[in-house]
Every structure is written in C-alpha cells, then in structure tokens.
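K.L.:
coordinates for the following, if possible.
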Amino acid sequence: MFMKKIAVYCGAYAGKNPIYKEMTLAVGHWLVKQGYDLVYGGGGVGLMGILAKTVLMDGGHVYGFMPENLYQRGAALAGLTSLTIVDNMAIRKQKMLEAADVCLALPGGAGTLEEISEAYSWTRVGDNSAPCILYNANGYYNLLEKFFRQMVTEGFLSATDFQKLCFADNLQQAAEFITSYTPPKVRQYH
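P.N.:
Sure thing, here's the model as predicted:
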C-alpha cells in the first residue's frame, strides 16, 4: 500500500498555551490513522518532538531532515524511521519538499512561517505541487490570514491563488482541502 507523506512544520518550542500540545498530539494520531508518514525537521523538542514521538508511538513512520549544525548540537530525536543529515537549512527545506505530498504548518515561530511560506510560494511558480495548509488552532494564524487577504486586496496575490492556501480550523477541513486540491495554474508571462 502506498503511504503518502506530509511535511509538518512546527515549533521547536511547545508554546505557552497547553492547547498547542493537545492539538499536536491530535495531529500525530490523525496522521497515522489517515495512513500518512511524517516528514519533519528531525528535532526532539517542542511541538516537533511531541509530534514525532506521537506518530512513532502509534506505529507510524517518521522521516527527519536536519542540518549538520543542529545535529552536532544534539537536536535530533533518536529512534526515527530515517534521519537525513544535510549541509544547511536551505537543503533541508528542499529535501522536505521533495519528500512531501502535503505541507502542513502547526503553530510555531519564524522558522515555521518561513518554511510554509516558501512551500506555498513554490506552488505559485510551479516548483511544488503539494497542498499547503496552516492549522489555525486557537486562531493562531488569524493575523497571517488577514495579511494574505490584504495581499489580495492590494493586488499582490490573486484571489484564485489565495484559495490554494488553506487556513484550517480543524483536521476535517484540512482533509477536505487535501482531497479536493489541484495546484495553482502557473502564471505565463507572454
């Protein structure tokens, strides 16, 4: 049976509100129930560690990609299905995208935002065919969604392309987006 892979971007911290840990546990269980393998940054702390440990405990597969400098500082989680050490963060992001059928951002910091933004940006130029989802647990991404709507209002993002980015309030909404997703039409310049 073919197992699809989801790249999940999330915090190396757990956040202050316990809802983020609870949501991450639920996502881990959901991934395994849906038959998804986890592709992530390879870390053992914060939401990243909670997610990977949950998937492994439920019998799922976890593929980590980590830059050498983080590996040398002891950031890797032991016991992953596979851990690939790469030269730098740019290569890590590229390898994760190449391995993923879906890109999902849970709450996190600047790195999480950078990674899901890049994944979505790449869909718009034709370099990533995976659906991109921001799991908006506890309204975490409300301000970002408002900013993307401002991009549409100001003419820097088409309304059609904005519909290709999902701000999901729950896992059912994320699943429906994945099922119905078609990549954006690549813009032609001639």
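
K.L.:
residue ranges in this protein under the pLDDT threshold?
P.N.:
1-3 (pLDDT under 70).

K.L.:
all helices of it, in order?
P.N.:
18-33, 46-57, 68-72, 89-99, 110-125, 142-153, 159-162, 171-180 (DSSP state H).

K.L.:
do you know which of those helices lies nearest Ala12?
P.N.:
Closest approach to Ala12 among these (CB to CB): helix 46-57, 4.2 Å. No exception for glycine: its C-beta is placed from N, CA and C like everyone else's.

K.L.:
ok, back up a step: redo the helices of the chain as JSON lines? Include distance to Gly79 and mean neighbour count.
P.N.:
Shown next, in JSON lines, are the helices of the chain (distance: least, CB to CB, whole Å; neighbours: other CB atoms under 10 Å):
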{"stretch": "helix 18-33", "distance to Gly79": "14", "mean neighbour count": "18"}
{"stretch": "helix 46-57", "distance to Gly79": "6", "mean neighbour count": "22"}
{"stretch": "helix 68-72", "distance to Gly79": "15", "mean neighbour count": "14"}
{"stretch": "helix 89-99", "distance to Gly79": "19", "mean neighbour count": "18"}
{"stretch": "helix 110-125", "distance to Gly79": "23", "mean neighbour count": "18"}
{"stretch": "helix 142-153", "distance to Gly79": "33", "mean neighbour count": "13"}
{"stretch": "helix 159-162", "distance to Gly79": "40", "mean neighbour count": "12"}
{"stretch": "helix 171-180", "distance to Gly79": "25", "mean neighbour count": "15"}
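
K.L.:
would CSV of those with distance to Arg187 be doable?
P.N.:
Converted to CSV, the helices of the chain look like this (distance: least, CB to CB, whole Å):
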stretch, distance to Arg187
helix 18-33, 32
helix 46-57, 34
helix 68-72, 35
helix 89-99, 20
helix 110-125, 7
helix 142-153, 15
helix 159-162, 9
helix 171-180, 22
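
K.L.:
what's the closest of these to Val39?
P.N.:
Short answer: helix 89-99, nearest of those by CB to CB, at 4.8 Å.

K.L.:
which helices and strands does the closest one pack with?
P.N.:
strand 4-9, strand 36-40, strand 62-67, strand 82-86, helix 110-125 (3 or more CB pairs under 8 Å, 6 or more residues apart in numbering; DSSP states H and E).

K.L.:
rewinding a little: to Lys4, which of the helices of the chain lies closest?
P.N.:
helix 171-180 (8.9 Å).

K.L.:
helices and strands around that closest one, which ones?
P.N.:
helix 18-33, strand 132-135, strand 165-168.

K.L.:
turn the ones you listed into CSV, including distance to Gly111.
P.N.:
Shown next, in CSV, are these (distance: least, CB to CB, whole Å):
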stretch, distance to Gly111
helix 18-33, 16
strand 132-135, 14
strand 165-168, 18
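
K.L.:
out of the ones you listed, which is closest to Tyr120?
P.N.:
Nearest of the helices and strands packed on helix 171-180 to Tyr120, taken as CB to CB: strand 132-135 at 4.3 Å.

K.L.:
done for today, thanks.
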